[in-house]
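> I would like to see how this sequence folds:
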Amino acid sequence: MKGRQWPVSWLVASLLLAACAGAPTPAPSAPALLEQSAQAMQALKFAHFVVDRTGAPAYLDAGNTLIFRRAEGDFASPDQARATVRVIGATFVADVNVVALGDRYWETNPFTGAWGNYSGLGYNPAALFNPQTGVPALMRHDLANLRLVGLETLPDYPGQKLFHLSAEAPGQQASTMTAGMIGRGQVNLDWWIQPGTGYTLRLRVVEPDTDPKDPTVWLVDFDSFNVPVTLTPPAP
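As a prediction, the model looks like this:
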């Protein structure tokens, strides 16, 4: 679902007013805000990200033996990333380091720390930023009940008024960017967007169909926008 294209000058003026006064007059539309945020993410050269999962397990492998818990790392445009991924097995919890430089991929053995490709996944966390299949695409396609909830302050971002948007979408839309971990039924989406820059600081994805009492919840935080990082292959 792609919103109406508002004049850039009007949108920038409105967002600057929001940043300074705390409430824009008139309020920009939800589609306009989401499109601005999608464009801002597409234009990123670098960013830091944290992905946290709570609730029902999300499995990394087809055999349902490795549960994803958390990932933190850095992105470099267009398709490079490094991350530390926490995984939970039947008898262990381990951090796996991942480096993905385009089609080249390395990860550490969770027991020895040696570099290789042990899982066979080859998942590149830069998929989060892919314009066709990542978060920007999630902002633009098959959204239902998109609305601007209002201006909010999150505990992790004290003193900042952020636009809170919500919507619903098919889970399959987020499948590629999460190596297939999302995709079971409809998902509920929330974005917290910084006025002025249009940067999404937090994305929340809830999968109600995973467990009605304790659904899978994903929190994806973004920061350090366009702070340069250098990503290199791991030392042998």
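> What ranges in the chain fall below the confidence cut-off?
Scanning the chain for pLDDT under 70 picks out the ranges 1-26.
> can you rerun that using 90?
Scanning the chain for pLDDT under 90 picks out 1-28, 60-66, 110-111, 117-123, 172-173, 176, 179-180, 183-185, 235-236.
> and the residue lying closest to Asn188 once chain neighbours are set aside, what does it touch?
The shortest distance from Asn188 to any non-neighbouring residue, by Cβ to Cβ, 6 or more residues apart in numbering, is to Val206 (4.3 Å). (Glycine included, C-beta is placed from N, CA and C.) Residues counted as contacts of Val206 (Cβ atoms under 8 Å, 6 or more residues apart in numbering) are 187-189, 215-218.
> make it 7 Å
The contact partners of Val206, by Cβ atoms under 7 Å, 6 or more residues apart in numbering, come to 187-188, 215, 217.
> what's the answer for Val205, then?
Per Cβ under 7 Å, 6+ apart, neighbours of Val205: 174, 182, 187, 189, 218.
> Okay, and it sits in which element?
In this structure, Val205 sits in strand 200-207 according to DSSP states H and E.
> Please apply the same query to Ala137.
helix 135-138.
> Go through the contacts of Val205 and say which is closest to Thr91.
Proximity of the contacts of Val205 to Thr91 (Cβ to Cβ) peaks at Trp218, which lies at 25.3 Å.
> So for the closest one, what's the nearest residue that isn't a sequence neighbour?
Val205 (4.2 Å).
> Identify the bridge partners of that neighbour.
Leu189, Trp218 (DSSP bridges).
> Now do it against Val51, distance only.
10 Å (Cβ to Cβ, to the nearest Å).
> same question, Phe75
12 Å.
> Out of these two, name the residue with the larger neighbour count.
Phe75 (27 against 22; other Cβ atoms under 10 Å).
> contacting residues around that one?
Neighbour list for Phe75: 46-47, 49, 81, 126, 129 [criterion: Cβ under 7 Å, 6+ apart].
> switch the cut-off to 8 Å
Neighbouring residues of Phe75 by Cβ under 8 Å, 6+ apart: 44, 46-49, 81, 125-126, 128-129.
> Can you tell me which of those lies closest to Leu33?
Leu44 (17.2 Å).
> Packing partners of the helix holding Ala137?
Helix 135-138 is packed against helix 30-42, with contacts defined by 3 or more Cβ pairs under 8 Å, 6 or more residues apart in numbering; DSSP states H and E.
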